[in-house]
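>>> I'd like to go over a predicted model; first the sequence, then the structure.
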Amino acid sequence: MKKTYLNEFHQKNNGHLVDFAGWEMPINYGSQINEHNLVRTNVGIFDVSHMAVFDFSGSNQVEFLEYLIPNDVNKILDSKRALYSPLLTENGGILDDLIVYHLGENNFRIISNCGTREQNYAWFNKIASEFDVQIDFKSDASIIALQGPNAIKNLSSLYNVDIEKFHLYQDDEVMIARTGYTGELGVEIISNASKGLKIWEHFVSKDIQPIGLAARDTLRLEAGFNLYGSDMTIENNPYDSNLSWTVDQSNEDRDFIGKKALKHLQESENCLVGFYTDERGVLRSGTKVYFEGGEGVITSGTWSPTFKKNIGFCRITKNFPETGKSILRDKEINLHFCKTNFLKYLK
Amino acid sequence: MAEVPSNLKFLESHEWARLEEDGTVTVGISDHAQELLGDIVFVELPDIGKEVTQSGDTAIVESVKAASDVYSPLTGEITEINEALVDNPEIINTSPYESGWFFKIKPQDIKEMDNLLDAQAYESSSES
């Protein structure tokens, strides 16, 4: 298995290590529920250096990115900002989701998921061959997420900077993005591994708790964020994955991969919604859901430490009512459908 | 290192059994099991009076990660269940051998305890 530069730290600090997409990563450091609650009430740090970092050079980066993704990169050219987008095939199928960072003129970066890194590198190279764009697939990147209501306060002990939401700070050692996968205030800090180690150790010395990937998953689910591979795959498109907002057609002249196919896919009969239940038993991915007039399947499901309910996302036919049911261990479970951002809608 | 109390008997599937003074047997899951499961969020306990068999599935323990069957170490009848686990299943994580007990059995044949692993044998089997 591959390891991040913090592997030794995880081993020495009660990190329970598992194989995550070929990387040895900490699933928790003792209690995932504890770690989840810490991020919601205070602050935590995540080693997500297994994610893939691509740095671009060349004179055609804007044109390349305009073509590469359905979201419009022109929206972030006015300052140092980040843009979320799925990555599509010609058929409108989803290859991955990623974030594009605009660091300056002809100075872009993409961070994508870990499991899709090789696929994405090959894809970017193939598309980039039509443009003056070169790709540096970084092998020594450190990505540390600092998330929670006290994240910015804790960041100021190292970087006393004011960063607007989705914007970036950069110096010659780090890029700090006000982005995150938890639904809380926070940043993601990208640097090389040796700088990352100093940053990580600094936060640990301030008694900030490292958070494992299990808590990362329950946090993102509560926040309404998709997980590629679970909530969407190549069999899905932005319209059945709650991502129609990432398809930016405001510039009709802009051609992008999948544009033609998306016109027909807009009529998709499925949609991705949230569900929750107070009844007992965790409803997991792959479990079917039924309702009057239709049915579907759960794509992600878990126990929500914040709401103390079972929650998740399901892909169901569009004509859904308020409630439905599922079957768990031969028992019928009643559930409610809702928007995926539980933090916002399930107060 | 997971704790394995020497006065208990075990199934290879990580259940422990403790013979009480009144002849009943208290059952729970081991420290190793709760560690493997992670944070426990639900239990499904058997009904009092239910007849159970040695190694038969008797209860369910569910963590955020996965649900798992809990097997009875002995044949007999369920005489008591730990209701506290219904609202606070996390007790199993913090006290798997004491407050985190699942149920008590009136054993049909106490000699069945000889079929169980002693602490040392369980420890070796769970380490492999």
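Sure thing, it's come through.

>>> Just the element for A:Ala122, please.
Following DSSP states H and E, one finds A:Ala122 within helix A:117-128.

>>> Return the set of buried residues in that helix.
A:117, A:119-120, A:123-124, A:127-128 (16 or more other Cβ atoms under 10 Å in any protein chain shown). The C-beta positions use only the backbone N, C-alpha and C, and glycine is treated the same way.

>>> swap in stretch B:110-128?
B:112-113, B:116-117, B:119, B:122-123, B:126.

>>> Restricted to strands, list these.
B:Leu117 (DSSP state E).

>>> what would the buried residues of stretch B:110-128 look like in a markdown table with pLDDT?
Converted to a markdown table, the buried residues of stretch B:110-128 look like this (pLDDT from 0 to 100):
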| residue | pLDDT |
| --- | --- |
| B:Glu112 | 96 |
| B:Met113 | 96 |
| B:Leu116 | 97 |
| B:Leu117 | 97 |
| B:Ala119 | 96 |
| B:Tyr122 | 96 |
| B:Glu123 | 94 |
| B:Ser126 | 89 |
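
>>> Quickly name whichever of the buried residues of stretch B:110-128 is closest to chain A.
Distances from chain A to the buried residues of stretch B:110-128, taken as Cβ to the nearest Cβ, are shortest for B:Ser126 (15.9 Å).

>>> residues contacting that closest one?
With contact set as Cβ atoms under 8 Å, 6 or more residues apart in numbering or on different chains, B:Ser126 has these partners: B:2, B:4, B:12, B:14, B:30, B:32.

>>> who in chain B is up against chain A?
With the criterion set to Cβ under 8 Å from any Cβ of the partner chain, chain B comes near chain A through B:38-39, B:41-42, B:44, B:60, B:62, B:64-65, B:67, B:90, B:93.

>>> at 7 Å instead, please
B:38-39, B:41-42, B:62, B:64 (Cβ under 7 Å from any Cβ of the partner chain).

>>> Now do the residue lying closest to A:Gly224 once chain neighbours are set aside against chain B, distance only.
Using Cβ to Cβ, 6 or more residues apart in numbering or on different chains and skipping the chain neighbours, the partner closest in space to A:Gly224 is A:Asn341 (3.4 Å). As defined by Cβ to the nearest Cβ, to the nearest Å, A:Asn341 lies at a distance of 20 Å from chain B.

>>> again with A:Ile190
Counting by Cβ to the nearest Cβ, the gap from A:Ile190 to chain B is 29 Å.

>>> again with A:Pro86
A:Pro86 is 28 Å from chain B, by Cβ to the nearest Cβ.

>>> Tell me, how many residues neighbour that residue?
Neighbour count of A:Pro86, defined by other Cβ atoms under 10 Å in any protein chain shown: 25.

>>> where does the residue in the stretch 1-150 of chain A positioned nearest to chain B fall, helix, sheet strand or coil?
For the stretch 1-150 of chain A, the residue closest to chain B is A:Ile33, as judged by Cβ to the nearest Cβ, at 4.4 Å. At A:Ile33 the chain is in helix, as set by DSSP: H, G, I helix; E, B strand; the rest coil.

>>> repeat for A:Tyr5
coil.

>>> Can you read off the pLDDT for the nearest residue to it once chain neighbours are set aside?
With Cβ to Cβ, 6+ apart as the criterion, A:Tyr5 has its nearest non-adjacent residue at 4.0 Å, and that residue is A:Ala193. pLDDT, A:Ala193: 97.

>>> For A:Ala215, give me phi and psi.
phi -70, psi -40 (degrees, to the nearest 10).

>>> swap in the one 4 residues further on?
When read as degrees, to the nearest 10, the backbone of A:Leu219 gives phi -70, psi -50.

>>> ok, the residue of the stretch 201-347 of chain A found nearest chain B - contacts?
Nearest residue of the stretch 201-347 of chain A to chain B: A:Trp303, at 4.5 Å (Cβ to the nearest Cβ). In this structure, A:Trp303 makes contact with A:282, A:310, B:41, B:64, judged by Cβ atoms under 7 Å, 6 or more residues apart in numbering or on different chains.

>>> mean confidence for the strand or helix carrying it?
Taking DSSP H and E as the criterion, A:Trp303 maps to strand A:294-304. The average pLDDT within strand A:294-304 is 97.

>>> what do you get for stretch A:197-214?
Here the average pLDDT along stretch A:197-214 is 98.

>>> Now the terminal residues of that stretch, how far apart.
With Cα to Cα, to the nearest Å as the measure, the first residue of stretch A:197-214 is 22 Å from its last.

>>> can you list contacts of that stretch?
A:5-6, A:13, A:15, A:20, A:25-29, A:32, A:35, A:38-39, A:43-46, A:144, A:146, A:154, A:157-158, A:189, A:191, B:38, B:64.

>>> switch to 6 Å and redo it
Contacts of stretch A:197-214 with the rest of the structure, by Cβ atoms under 6 Å, 6 or more residues apart in numbering or on different chains, involve A:25-29, A:32, A:35, A:38-39, A:43-46, A:144, A:158.

>>> In contact with the residue positioned nearest the centre of chain A, which residues?
Centre of chain A computed as the mean C-alpha position; nearest residue by Cα atoms, centre = their mean is A:Tyr181, 5.4 Å away. Taking Cβ under 6 Å, 6+ apart as the criterion, A:Tyr181 is in contact with A:220, A:225.

>>> Alpha carbons of the helix or strand of chain B with the lowest mean pLDDT, as PDB, please.
The helix or strand of chain B with the poorest confidence is helix B:119-127; it has a mean of 93 (mean pLDDT, DSSP states H and E). C-alpha atoms of helix B:119-127 as PDB (Å, rounded to 0.1, in the frame of the first residue of the first chain):
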ATOM      1  CA  ALA B 119      -8.700 -16.800  27.700                       C
ATOM      2  CA  GLN B 120      -5.300 -17.800  26.400                       C
ATOM      3  CA  ALA B 121      -6.700 -19.900  23.500                       C
ATOM      4  CA  TYR B 122      -9.000 -17.100  22.500                       C
ATOM      5  CA  GLU B 123      -6.200 -14.600  22.600                       C
ATOM      6  CA  SER B 124      -4.100 -16.700  20.300                       C
ATOM      7  CA  SER B 125      -7.000 -17.300  17.900                       C
ATOM      8  CA  SER B 126      -7.900 -13.600  17.700                       C
ATOM      9  CA  GLU B 127      -4.300 -12.500  17.100                       C
END
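
>>> Work out the gap between it and the centre of the chain.
In terms of Cα atoms, centre = their mean, to the nearest Å, the centre of helix B:119-127 is found 15 Å from the chain centre.

>>> Three-state assignment for the residue nearest to A:Phe166 when sequence neighbours are not counted, please.
Spatially, and ignoring its direct neighbours in sequence, A:Phe166 is nearest to A:Ala82 (5.0 Å; Cβ to Cβ, 6+ apart). Following three-state DSSP, A:Ala82 is assigned to strand.

>>> Make sure A:Ala82 is actually in contact with A:Leu98.
No - the criterion here is Cβ atoms under 6 Å, and A:Ala82 misses it with A:Leu98 at 10.3 Å.

>>> rewinding a little: check which helix or strand covers the residue nearest to the centre of chain A.
Per DSSP H and E, there is no helix or strand for A:Tyr181.

>>> All the strands of chain B, residue numbers only.
For chain B, strands defined by DSSP E occupy the ranges B:9-10, B:15-19, B:25-29, B:40-44, B:51-52, B:57-63, B:67-71, B:76-81, B:103-107, B:117-118.
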